[in-house]
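K.L.:
my questions are about this predicted structure, shown below with the sequence.
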Amino acid sequence: MSPRFGFALIAGFGSMMVLTAILGFSQIRRTSQSQTELMAAQEAYAGTEALLSQMRADLYSINIDVRDYLLDRNAANAAELKQQVVSSRERILNTLFQLEKRLGHSVDADTLAKLRDQVEDYIAVLRPPLEWSLDVKNALAGSYTRNLLKQRHQITQLAARLQTINTGNLRQAEDRLEESQREFRYWLRRLTYSILFLSALVAALSVWWIVRLERRARNAERALRNLSQKLVRAQEEERKALSLELHDQVGQMLTALRVEISNLGRIGNGDAEKFQTHVRQAKDVAEGAMKTVRDLAMGLRPSMLDDLGLGPAIGWQAREFSRVSGVPANVQIDGALDGLTEPQKTSLFRVVQEALTNITRHASASEVNIRIKPEKDRVRLSVKDNGKGMDVAATRRRGLGMLGMEERIRELGGDLQIESEPGRGTEVQATIPRKSA
């Protein structure tokens with residue numbers, strides 16, 4: 001997984017978790033807030049209703065007290081009734097004050113002032129009868145009671161209007177709460193859709209990436225099987241080539257040597273000159289066999305790589321390449337190659353060997369340049385020819401040598417690049433980290 005894609009998936013999962021948490025917390029908070037607002041509106045409504053009921057009850061009570069006084073023939077009760085009227089007046093005024101505090105934001109000041117004036121007038125009208133004599137009470141009781149009822153009816157109408165306003169306030173609070181709930185539900189829907197979209201996107205990306213990884217795993221497994229088959233074929237071809245080399249050259253030379261030795265045995269103490277001729281021929285055959293065996297051994301692994309180091313071994317390989325192909329190979333080493341480990345020396349030599357083999361087979365080059373540049377923390381190798389070039393991707397799929405070079409360099413923690421264009425030559429560039437032996 002690439003770091004960028006991994007970060008995108010982590011960000012997607014994180015965003016989804018954050019949005020889900022926001023959704024849950026917002027739902028809990030909004031539910032609590034709605035309950036609080038509804039309870040506050042209901043409490044305000046109930047409190048106002050209680051005050052209005054209290055005011056109506058006080059008005060009704062004071063009206064009953066005055067009516068009883070007018071019907072009562074005992075003048076001694078006047079003082080007690082006066083005190084009841086004063087107490088009722090204080091309660092009613094206190095109720096009005098609390099109503100103004102509760103309804104001041106929703107009722108115009110004129111309505112509240114009118115209610116207060118009417119209550120004051122009503123209470124003021126209640127006081128004179130308390131000073132009347134029995135004859136005056138008998139004369140004015142009827143008209144006074146009718147006038148008192150009329151004023152109380154006006155106050156009751158204003159109180160009913162306030163009750164209607166209070167009910168309207170409750171409905172407005174409920175409407176505001178409902179509107180707020182609608183907006184919150186809309187916001188919740190949008191947030192839910194966003195979470196669903198993000199979840200679907202993350203799930204789709206995850207499925208796509210898993211399918212891609214599975215496809216890459218299958219391709220890697222297929223490539224590994226192909227590589228294993230190529231490796232087996234390469235081993236068989238190498239064994240076959242070695243067997244043919246031993247049979248066709250070394251075997252024939254040993255057969256010729258045996259014939260020469262047999263000839264020497266037949267000559268015995270005969271012609272000395274002929275004996276020496278066969279001896280020389282036997283020596284030549286033996287030297288040829290030794291040279292062939294040495295060439296085979298050098299082709300498998302040059303002894304000078306172990307004895308003299310990487311530089312001389314690459315120089316020898318370049319000379320052998322030039323001797324066999326007729327193409328000049330220039331070797332340039334920009335510094336000391338001391339301190340390389342055995343795997344590093346072997347891998348760099350095999351890269352040069354494989355590159356020169358490919359040039360011999362496919363490049364049709366007229367010149368080859370080999371350059372090794374040791375640096376403080378790495379070693380750079382370049383094998384460049386001026387041949388006809390190649391299709392790197394196609395060659396990588398077909399050949400085992402290029403895969404072998406890449407695996408050797410990758411095992412050392414390095415990097416192998418092959419740059420080539422048809423008609424413009426090929427350059428193999430290998431870079432490995434420098435480690436002490």
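P.N.:
Thanks, I have the structure now. Just so you know, these numbers come straight off a predicted model, no measurement behind them.
K.L.:
show me what stretch 414-426 is in contact with.
P.N.:
Residues from elsewhere that reach stretch 414-426 (CB atoms under 8 Å, 6 or more residues apart in numbering): 351, 358-359, 363, 365, 378, 384-392, 396, 402, 405-406, 409-410, 427-433. Every C-beta, even on glycine, is put in place using the N, C-alpha and C of the backbone.
K.L.:
need the contact list for Asp377.
P.N.:
For Asp377, counting by CB under 8 Å, 6+ apart, the contacting residues are 433-434.
K.L.:
just the buried ones among the contacts of stretch 414-426, please.
P.N.:
351, 358-359, 363, 365, 384-390, 402, 405-406, 409, 427-432 (16 or more other CB atoms under 10 Å).
K.L.:
just the ones of those residues in helices?
P.N.:
351, 358, 402, 405-406, 409 (DSSP state H).
K.L.:
can you tell me which of the residues you listed lies nearest to Val324?
P.N.:
The closest of those to Val324 turns out to be Asn358 (CB to CB; 13.8 Å).
K.L.:
render the CA-only coordinates of the strand or helix carrying Met304 in CSV, please.
P.N.:
Met304 is part of helix 303-307, with elements assigned from DSSP states H and E. The C-alpha trace of helix 303-307 is given here as CSV (Å, rounded to 0.1, in the frame of the first residue of the first chain):
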residue,chain,number,x,y,z
SER,A,303,39.4,-17.0,-9.5
MET,A,304,40.9,-13.6,-9.8
LEU,A,305,37.7,-12.2,-8.3
ASP,A,306,38.7,-13.8,-5.0
ASP,A,307,42.5,-13.4,-5.5
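K.L.:
quick one: contacts for Ala41?
P.N.:
169-170, 173-174, 177.
K.L.:
before we move on, what about Asn386?
P.N.:
Per CB under 8 Å, 6+ apart, neighbours of Asn386: 365-367, 425.
K.L.:
ok, now which ones touch Gln353?
P.N.:
Gln317.
K.L.:
which SSE is it in?
P.N.:
Counting by DSSP H and E, Gln353 is found in helix 342-358.
K.L.:
returning to what we had before: got CSV for the contacts of Ala41, with distance to Leu416, neighbour count and secondary structure too?
P.N.:
Listed next are the contacts of Ala41 as CSV, based on distance: CB to CB, whole Å; neighbours: other CB atoms under 10 Å; DSSP: H, G, I helix; E, B strand; the rest coil:
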residue, distance to Leu416, neighbour count, secondary structure
Asn169, 83, 19, helix
Leu170, 82, 17, helix
Ala173, 77, 17, helix
Glu174, 77, 15, helix
Leu177, 72, 17, helix
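K.L.:
chain center to the one helix or strand Trp209 maps to, what's the gap?
P.N.:
For Trp209, the host element (DSSP H and E) is helix 134-245. Chain-centre distance of helix 134-245: 23 Å, with CA atoms, centre = their mean, to the nearest Å.
K.L.:
contacting residues for Leu51?
P.N.:
95, 98-99, 102.
K.L.:
which single one of these is nearest to Val324?
P.N.:
Arg102 (111.5 Å).
K.L.:
helix/strand/coil for Gly335?
P.N.:
Assigned state for Gly335: coil (three-state reduction, DSSP: H, G, I helix; E, B strand; the rest coil).
K.L.:
quick one: the residue nearest to it when sequence neighbours are not counted from Ala363, how far?
P.N.:
Spatial nearest neighbour of Gly335, excluding adjacent residues (CB to CB, 6 or more residues apart in numbering): Pro374 at 4.1 Å. Separation of Pro374 from Ala363 (CB to CB, to the nearest Å) stands at 27 Å.
K.L.:
before we move on, what about Gly47?
P.N.:
Distance from Gly47 to Ala363, by CB to CB: 101 Å.
K.L.:
and the angle from the helix or strand containing Gln98 to helix 134-245?
P.N.:
Using DSSP H and E, Gln98 sits within helix 78-103. Inter-element angle recorded for helix 78-103 and helix 134-245: 30 degrees (by axes from the mean of the first three to the mean of the last three CA atoms, to 10 degrees).
K.L.:
is it true that Arg89 touches Ile123?
P.N.:
Yes. Using CB atoms under 8 Å, Arg89 makes contact with Ile123 at a distance of 4.6 Å.
K.L.:
who wins on neighbours among the contacts of Leu51?
P.N.:
Among the contacts of Leu51, the one with the most neighbours (other CB atoms under 10 Å) is Leu99, at 23 neighbours.
K.L.:
now do the contacts for the residue nearest to Ser382 when sequence neighbours are not counted.
P.N.:
Nearest residue to Ser382, sequence neighbours excluded (CB to CB, 6+ apart): Arg371, at 4.6 Å. Listed by CB under 8 Å, 6+ apart, the contact set of Arg371 reads 331-334, 380-382, 384.
K.L.:
now swap in Ser88 and tell me
P.N.:
Contacts of Ser88 (CB under 8 Å, 6+ apart): 58, 61-62, 65, 123.
K.L.:
about what we covered before: tell me the two of the contacts of Ala41 that are most distant?
P.N.:
Most distant of those, by CB to CB, are Asn169 and Leu177, 12.5 Å apart.
K.L.:
on that earlier part again, now, which of the contacts of stretch 414-426 lie within strands?
P.N.:
Mapping the contacts of stretch 414-426 onto strands (DSSP state E) picks out 378, 384-385, 427-433.
K.L.:
most widely separated two among those?
P.N.:
Asp385 and Pro433 (26.6 Å).
K.L.:
now the strand or helix carrying Arg258: average pLDDT?
P.N.:
Applying DSSP H and E as the criterion places Arg258 in helix 252-267. For helix 252-267, mean pLDDT is 70.
K.L.:
residues contacting the closest residue to Leu38 other than its chain neighbours?
P.N.:
Nearest non-adjacent residue to Leu38, counting by CB to CB, 6+ apart: Leu177, 6.0 Å away. Leu177 makes contact with 34, 37-38, 41, according to CB under 8 Å, 6+ apart.
K.L.:
7 Å instead, please
P.N.:
34, 37-38 (CB atoms under 7 Å, 6 or more residues apart in numbering).
K.L.:
how is the protein divided into domains?
P.N.:
3-204, 302-433 (automatic domain parsing).
K.L.:
deepest-packed of the ones you listed, please.
P.N.:
Between the domains of the chain, domain 302-433 has the highest mean count of neighbours, a mean of 17, where neighbours are mean count of other CB atoms under 10 Å.
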